[in-house]
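*Asks:* predicted model follows, preceded by the sequence.
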Amino acid sequence: MSYSVTFTPDNVTITVKEGTDLLTAATKAGISIKSTCGGEGTCGRCRVKVVKGNTNNSTKNYGNLSEELRNAGFVLACKTFVEDNLVIEVPAESRLDEHQVLLDKKNSGLLKESDLDLLKDYPLNPICRKYYLELDPPTLNENTSDFERLQANLQKKYNLSNLTIDLMELQELADNLRSGGWKVTVTIVNCGDKNEVVRVEPGYSKNPCYGLAVDIGTTTVVVSLVDTEKGCSIDRMGSYNKQARYGDDVIARMIYASDHGVKELQSAVIDTINDLINKILRKNRLKPEDIAVMTTAGNTTMAHLFLGLDPKYIRLEPYIPTASKFPIVKAGHLGLNINHNAPVYSFPAIASYVGGDIVSGSLSVGINNKEELTLLIDIGTNGEIVFGNKDWLISCACSAGPAFEGGGISCGTRAMKGAIERVQIDPDTLQVKVSTIGREKAIGICGSGLIDCISEMHKAGIIDRSGQFIKVDAPSIRETSSDKELVVVTTDKSAIEKDIVITENDVKNLIRSKGAVFAGVRSLLKTMQMELEMIDKILIAGGFGNYLNVAKAIQIGLLPDLPLEKFEFVGNTSLKGAELALLSKEALRKVDDIGKMMTYLELSAGNLFMDEFMSAIFLPHTDLSLFPSLAE
């Protein structure tokens, strides 16, 4: 039996079979709902309100859904099943909205040395070019086949050898040569040992040769349209990764893949990328066949899911991925909405939790070419870190969890319009002032705002060094039946029709997350028998760094206590590396060298990381000598 489900305020109605959970129904309706736990019923983020109709939620698995919310008609979408015609209200705080994605506009346009230092090492020599040919037509006496004729002319005029062509393009070759009067424009991609004919256009084509660089993040996917011949980023667009409905972090998604198969997760990320591609194509008046090549960078799990590889053994000791180097595949095989012959290159991984995104990032910032000792930190769910210089590199991944991206936090959100990015607390009155991204009404607190919260709460004496509330005698602080909390924004000033708060449990989760990052840094340094003071430069990668207040991050013990001039925000280095790979064959060839010189430190082996972590889960640290600038 089937029933109708109407989702408000979208007013979208779909028909689903009896027994379908509301999370799945919402997905089918095109409505993306948060599900930090991947549909296990434990996070409470997918709460929706049953306005009309009967549901089956006999499991009584309410996650952290309060009794007050249950009495108001709220249920967990993942554990509530259709058994009637329904009207379901999806509140703003339960929705996955579009991100305020860091697009690094200062580095778009013509790439110069001031934009990317790597250009002095990797000249503009793109992997994709167009070549114009005027061929002599065949005769009874000169009857070479069409493809051999094309090969011979490309060799003679442009010194191109070792050519290959896809069967589908070969099927169209004869007509294209003749309809163009033996004058053609040939698009060729070289991202390996072969020169691959991707497209043959009749006559002379004035259009540039385009490629796409894609950063496949656990949280966010960003696509860059690149004019490979001019070395120009034409456009960049980003959005949340639709895989988020299966869990906020890679562990949750690996578990989902183990239980339900990889296909859904692969489809979700391909859909995300295609949505962005379609927007870019429409905006720039291009056709899918105009995109001749794609490079992608993502962590090891994201690369597996993108290619449809089973990631389940990544999370099981001894933590082995299916592959660390990935085959170059055709876009058509993956269902990507670009030229079906376009080669898709995925950056290789180092290990289970240090992936192609950090290899791409290392390439883009040139850490492998620097004399100075450089620390590259990508503060995300995995907390990937690289340390070293041109002589050696060592890397690790510390499981920071999704807290800095809003996951597992009562009123946490990702960086999007309305997210609280700055917080100030008056130490005398304990009044809270905030600023939001886009100056919109507040919808929640993103990572940079959460760091501000902890720093300001500690400085104001609201919490002690362990994160426990010690001051509760102010209007902005209250104690509930289950926790203590600071009201950051009151209901009348929020966009979600309720108070935005940070709880004692939230604070402790964030302290554990920051402790993991700092412990990862210390573990790398101790392995190399080095001290914090020996770091010459700290590069902070990712969208998170765009909003981060470094001084506040030092105050809570997230980042080392070093002079501020040693810190530099480098933006989305994963995307930049993917762009650079499109623009330089030399850079692409260097990728394997970076992988070979990078030693991976497995933090789960031995006690080093755990000892450092236990010392780091205080504000700022148990060893205050590591933070001399904070000494009173």
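*Replies:* Received, thanks. Numbers count the residues shown, from 1 in each chain.

*Asks:* number of nearby residues for Tyr319?
*Replies:* Residues near Tyr319, counting by other Cβ atoms under 10 Å, number 15. For the C-beta atoms, the positions are set from N, CA and C on the backbone; glycine is no exception.

*Asks:* find the nearest non-adjacent residue to it, please.
*Replies:* Leaving aside its chain neighbours, Tyr319 sits nearest to Ser352 (4.2 Å; criterion: Cβ to Cβ, 6 or more residues apart in numbering).

*Asks:* pLDDT weak spots in the protein?
*Replies:* In the prediction, the chain carries residues with pLDDT under 70 at positions 57-64, 97-120, 543-546, 632.

*Asks:* where exactly do the strands run in the stretch 501-632 of the chain?
*Replies:* Secondary structure of the stretch 501-632 of the chain by DSSP state E, counting those that start in this stretch: the strands cover 537-541, 567-571, 598-600.

*Asks:* make JSON lines out of these and add distance to Arg512 and mean neighbour count.
*Replies:* Listed next are those as JSON lines, based on distance: least, Cβ to Cβ, whole Å; neighbours: other Cβ atoms under 10 Å:
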{"stretch": "strand 537-541", "distance to Arg512": "20", "mean neighbour count": "22"}
{"stretch": "strand 567-571", "distance to Arg512": "23", "mean neighbour count": "19"}
{"stretch": "strand 598-600", "distance to Arg512": "23", "mean neighbour count": "18"}
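
*Asks:* surely the residue nearest to Tyr319 is within a strand?
*Replies:* No: according to DSSP: H, G, I helix; E, B strand; the rest coil, Ser352 belongs to no strand; its state is coil.

*Asks:* which residue is nearest the centroid of the protein?
*Replies:* Nearest to the mean C-alpha position of the chain, counting by Cα atoms, centre = their mean, stands Gly217 at 1.9 Å.

*Asks:* touching, that residue and Gly380? I think so.
*Replies:* Yes: taking Cβ atoms under 8 Å as the definition, Gly217 is a contact partner of Gly380 at 7.1 Å.

*Asks:* show me what the lengthiest helix in the chain is packed against.
*Replies:* Longest helix in the chain, counting residues (DSSP state H): helix 504-527. Helix 504-527 sits against strand 374-378, strand 384-388, strand 393-397, helix 447-459, helix 608-616, with contacts defined as 3 or more Cβ pairs under 8 Å, 6 or more residues apart in numbering; DSSP states H and E.

*Asks:* one more pass at 10 Å, please.
*Replies:* Applying 3 or more Cβ pairs under 10 Å, 6 or more residues apart in numbering; DSSP states H and E, we find helix 504-527 packed against strand 374-378, strand 384-388, strand 393-397, helix 447-459, strand 484-489, helix 550-555, helix 608-616.

*Asks:* what's across from Tyr132 in the sheet?
*Replies:* For Tyr132, the beta-bridge partners are Thr185 (DSSP bridges).

*Asks:* if we can go back for a sec, any idea how many residues pack against the residue nearest to Tyr319?
*Replies:* 24.

*Asks:* Ala551 now?
*Replies:* 12.

*Asks:* surely it touches Pro563?
*Replies:* No: the criterion here is Cβ atoms under 10 Å, and Ala551 misses it with Pro563 at 11.1 Å.

*Asks:* so what sits against both of these two?
*Replies:* Residues touching both Ala551 and Pro563 (Cβ atoms under 10 Å, 6 or more residues apart in numbering): Ser629.

*Asks:* ok, and for stretch 520-528, which residues are buried?
*Replies:* 520-525, 527-528 (16 or more other Cβ atoms under 10 Å).

*Asks:* now render those as CSV, adding distance to Ala419.
*Replies:* Formatted as CSV, the buried residues of stretch 520-528 follow (distance: Cβ to Cβ, whole Å):
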residue, distance to Ala419
Gly520, 26
Val521, 26
Arg522, 30
Ser523, 31
Leu524, 31
Leu525, 33
Thr527, 36
Met528, 37
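
*Asks:* and which of those is nearest Gly332?
*Replies:* When these are compared for distance to Gly332 (Cβ to Cβ), Gly520 wins out at 39.9 Å.

*Asks:* tell me how many other residues crowd the nearest residue in space to the closest one that is not next to it in sequence.
*Replies:* Nearest residue to Gly520, sequence neighbours excluded (Cβ to Cβ, 6+ apart): Cys398, at 3.3 Å. Cys398 is flanked by 26 other residues according to other Cβ under 10 Å.

*Asks:* look up how far Ile270 lies from Cys398.
*Replies:* As for Cys398, its distance to Ile270 is 29 Å (criterion: Cβ to Cβ, to the nearest Å).

*Asks:* now do Pro318
*Replies:* Taken as Cβ to Cβ, the span from Pro318 to Ile270 is 30 Å.

*Asks:* same thing with Gln468?
*Replies:* From Gln468 to Ile270 the distance is 45 Å (Cβ to Cβ).

*Asks:* and these two? Which one has more around it.
*Replies:* Between Gln468 and Ile270, Ile270 has the larger neighbour count (other Cβ under 10 Å), namely 18 against 12.

*Asks:* kindly confirm my reading that that one is in a helix.
*Replies:* Yes: counting by three-state DSSP, Ile270 falls inside a helix.

*Asks:* please renumber so the chain begins at 21
*Replies:* Yes, from this point I'll number from 21; that puts the last item at Ile290.

*Asks:* mind checking how far it is from Leu160?
*Replies:* Distance from Ile290 to Leu160, by Cβ to Cβ: 50 Å.

*Asks:* and for Gly458?
*Replies:* Counting by Cβ to Cβ, the gap from Gly458 to Leu160 is 70 Å.

*Asks:* which one's more surrounded, those two?
*Replies:* For Gly458 and Leu160, the more surrounded residue by other Cβ under 10 Å is Gly458, and the numbers stand at 11 against 5.

*Asks:* look up the closest residue to that one, ignoring the ones flanking it.
*Replies:* Looking at Gly458 with Cβ to Cβ, 6+ apart, the closest residue is Lys437, at 4.0 Å.
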